[in-house]
Each structure stands twice: as structure tokens, then as C-alpha cells.
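# Here is my input, please return the structure:
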Amino acid sequence: MADDYADLFRDEAAGQPLERAVMRAYSELVGAGGRVIDLGCGPGRVTGYLAALGLSVSGLDLSKSMLAIARRENPGIRFEQGSMLKLDGHADGSLDGVVCWYSSIHTPVGELPGLFAEFLRVLAPGGHLLMGFQVGDVPRRHDRPWGHPVALDFERRRPERMIELLTAAGFAEQSRTVREANTERGETTPHAFLILRKPL
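Numbers count the residues shown, from 1 in each chain. So this is what the prediction gives:
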């Protein structure tokens, strides 16, 4: 379903001024040339946007098909296959930024503390984390998306609970943005964007 997904969301950023503003603010906090990894990058649309903002960004995803699209559409960016739960290829404190843009929504809540600990590990002191996710309490299940024989569960999260888990992992909150659902685009839930910092 990678090609269908990439086609559906190819021009999504054009209708998301708040998301673009959050990413621009994040890129300024990290600083030009900052070393950033986009975790769960999918077809690389966010990775490419962050690169255009001046970050030295790479992408990571589990899906070979998604990565093939990302490499094709972003030939100057490095993409690797792997799990964001275990970033073995990245040393402690080796990154200036970590981006988890709607990719933690596939992680069970019980695994979030370990996920956030891994984010903190690879970040240099003073490094920044950017997260995006849908707000809510009830997961959404997609059966046979775009006619493909798979099922996808999308976890919804509460920003305040995510902040609790992230601060428990050692992060300091920098920014919390919540926008209402865009019903004209078929959305049914608000969306949250968090920026956090690893203390010096």
C-alpha cells in the first residue's frame, strides 16, 4: 500500500499551515545544519521538507516499500531501514534533533517509556524532539485501507499524558500546540504537536 499512501498524502503539507509553522520553529531551535533523524519517515515527505529548511536530516522506517519511494523522491537524503525502538546505528548523544511525526501512533502505550528513553539517549544535551499525533482516547482501526489486505490501528493520545511520559523520561517541555480537527479534510480529531528539549 506504500504507493497509494504516498499518492494520497503527496500534497498534504500545502493545506497545513500550522504544521509547517511548527516545523519551521523546530528547525530554528535545532539550528541550520543540525543532525536530525525522522523516525517512521514513510515516503519521506516530512524528511524532505525538513531538509529544505536547512537541517541535515536522515530518515528511518520499517517498510522497504516506503523507503524505496523516499529514496526515489529525495535522492540527496540518506534513508535506512530499522525500528525507532532500537536505534543501534546511532551513538549516545549523536543527534541534534529527533522527529517522530505521527509515527508513535503505531506504538502500544506500554512501549512508550522505552521509546522515549531511546529518543533521549541519541540526542545530544540541548537537542530537541518534535512529535505529532492525533488527540483522543480511542484507537481508530482501518480495515483493508485502499483495498489492501491489511489492518492498521492508529492510537490517539492525550497531550498532557504524553508530556508526563516524556518528562518522566528526562525531557523538558518547550512547546505544546493543539489544533482542532479540519472537517473539510475529513478529520475527526484534534491534532497535537510537541517540542521538547534534552536538558544540558
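
# Next, the buried residues of the longest strand along the chain.
Secondary structure of the chain per DSSP state E: the longest strand is strand 123-134. Neighbour counts over strand 123-134 (16 or more other C-beta atoms under 10 Å) mark L123, A124, G127, H128, L129, L130, M131, G132, F133, Q134 as buried. (Glycine included, C-beta is placed from N, CA and C.)

# now it: how far from the chain's centre is it?
9 Å (C-alpha atoms, centre = their mean, to the nearest Å).

# now stretch 68-80
For stretch 68-80, the distance to the chain centre is 17 Å (C-alpha atoms, centre = their mean).

# What residues of that stretch count as buried?
I69, A70, N74, I77, F79.

# ok, now how distant is the third one from S94?
This points to N74. 21 Å (C-beta to C-beta, to the nearest Å).

# Likewise for S83?
In terms of C-beta to C-beta, S83 sits 17 Å off from S94.

# and if you look at G186?
39 Å.

# try T183
42 Å.

# Tell me which of the two has more neighbours.
More crowded of T183 and S94, by other C-beta atoms under 10 Å: S94, with 15 against 8.

# And the furthest pair within the buried residues of strand 123-134?
Spanning the widest gap among those are A124 and Q134, at 29.5 Å by C-beta to C-beta.

# Using CSV, lay out the buried residues of stretch 68-80 together with secondary structure.
Below are those laid out as CSV (DSSP: H, G, I helix; E, B strand; the rest coil):
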residue, secondary structure
I69, helix
A70, helix
N74, coil
I77, coil
F79, strand
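
# for the lengthiest helix in the chain, what is the average pLDDT?
When the chain is parsed with DSSP state H, its longest helix is helix 17-30. Averaging pLDDT along helix 17-30 yields 96.

# could you show me where the strands are in the chain, in order?
35-39, 56-61, 79-81, 95-101, 123-134, 140-143, 151-154, 172-179, 191-197.

# which sections of the chain are below the confidence cut-off?
Counting by pLDDT under 70, the chain shows low-confidence ranges at 1-15, 139-152.

# What's the separation between R72 and G42?
13 Å.

# quick one: contacts of stretch 47-57?
Here stretch 47-57 makes contact (C-beta atoms under 8 Å, 6 or more residues apart in numbering) with 13, 20, 23-24, 27, 30, 32-38, 41, 58-59, 70, 73-74, 76-77, 79, 97, 99.

# among those, which ones are buried?
When these are checked against 16+ other C-beta under 10 Å, the ones flagged as buried are 23, 27, 30, 34-38, 41, 58-59, 70, 74, 77, 79, 97, 99.

# and D92, how many neighbours?
10.

# wait, isn't it in contact with L120?
No: counting by C-beta atoms under 8 Å, D92 stays clear of L120, with 9.6 Å between them.

# And the furthest pair within the buried residues of stretch 68-80?
Farthest apart among these - using C-beta to C-beta - are I69 and I77, which lie 12.2 Å from each other.

# hey, what's in contact with both of the two?
In contact with both I69 and I77: G44, using C-beta under 8 Å, 6+ apart.
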